[in-house]
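1. The following block contains a protein sequence and its predicted model.
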Amino acid sequence: MGTAIVNHEGPALYSGPQEGILMKQLITRMSRVLRTRHDRVNVAAFDRNGLARQYLVGTGLEIGALHHPLPVPAGVRVKYVDRMPEAELRRHYPELGHERFVTIDIVDNGETLAKVADTSQDFVIANHFLEHCEDPISTLRTFFRVLKPGGVIYLAIPEKTCTFDRDRPVTPLEHFWLDHHNGPEHSRWAHYQEWAELVDKKSNEAEAHARQLLSKSYSIHFHVWDQSSWLLFLHSMQQTFGFHIEVILRLGIEIINVLRK
């Protein structure tokens, strides 16, 4: 199956004055033809549910679904993973008090999946999860570890210009590698300060607010991407892990990706 690169709204995925040449080269390396196994595609059907129907089979995991799990096709079995039992999650996210959460099957750190065996899963779903990870490179390594050969990662990340991250700078690629090699501790405090100042807008009390969030290990967006910086990151990860990019889809506030081991 060829790679489908679809942009339902906004500028082309490779736009960006500094990265434009690299983005064009990257997309040239991918298939420019949108096609399914039968070499025909209905672009309008490319959405969250349509991609799930096309790519998810067998048994897999969804990480951090909370109240918004991905609908999967009939016969597909999902186990839900989260870092806390439901009662603790509700205390952590009081703003979701009236929402119905999925039943958590595995209480585990989604960044390490220590309770999940190697090459045991047909898919891993992680929507709006990677930005909460302090070391996204290690997290992707974990996902590929638990996947069977040919398994897929279904991954959506928020495009920062369309969310509350809009005032934050994108995270440079070099920063991800520093967090990966040196451990996230060296940058953790700076992330919380940035969140307090630019997301929660606590300019006059940012330090105190950041310390309060840090003391609770509140799950902020540690890292931020726009569409150009995401493609740079994804290209670096593909060079590192050697996966195949099945789909990159810009849809509304998010960029949806299907990556095959």
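-> Structure's in. What do you need?
2. Parallel or antiparallel, list what pairs with the strand ranked longest in the chain.
-> Counting residues, the longest strand found in the chain (DSSP state E) is strand 147-158. Strand 147-158 has its sheet partners listed here by DSSP bridges as strand 121-127 (parallel), strand 254-260 (antiparallel).
3. Can you tell me which of the ones you listed is nearest to G150?
-> Across the strands paired with strand 147-158, G150 has its closest neighbour in strand 254-260 (6.6 Å, CB to CB). For every residue, glycine as well, the C-beta is placed using N, CA and C.
4. State the mean pLDDT of the closest one.
-> On average, the pLDDT along strand 254-260 is 94.
5. next one: stretch 183-191
-> Averaged over stretch 183-191, pLDDT sits at 93.
6. which parts of it are buried?
-> Buried residues in stretch 183-191, defined by neighbour count with 16 or more other CB atoms under 10 Å: 184, 187-188, 191.
7. Just those: which are in helices?
-> Counting by DSSP state H, the part of the buried residues of stretch 183-191 found in helices is 187-188, 191.
8. could you redo the buried residues of stretch 183-191 as JSON lines and give each row distance to E111?
-> Compiled in JSON lines, the buried residues of stretch 183-191 are given as follows (distance: CB to CB, whole Å):
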{"residue": "P184", "distance to E111": "10"}
{"residue": "S187", "distance to E111": "15"}
{"residue": "R188", "distance to E111": "14"}
{"residue": "H191", "distance to E111": "15"}
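9. Just the closest of those residues to P158, please.
-> Distance to P158 across those (CB to CB) is lowest for H191, with 15.6 Å.
10. shouldn't G252 be in contact with T161?
-> No: here G252 does not reach T161: they are 11.8 Å apart, not a contact under CB atoms under 8 Å.
11. Report the contact partners of I63.
-> 81-82, 110, 124-126, 129 (CB atoms under 8 Å, 6 or more residues apart in numbering).
12. For it, what are phi and psi?
-> Recorded main-chain torsions at I63 are phi -110, psi 130, according to degrees, to the nearest 10.
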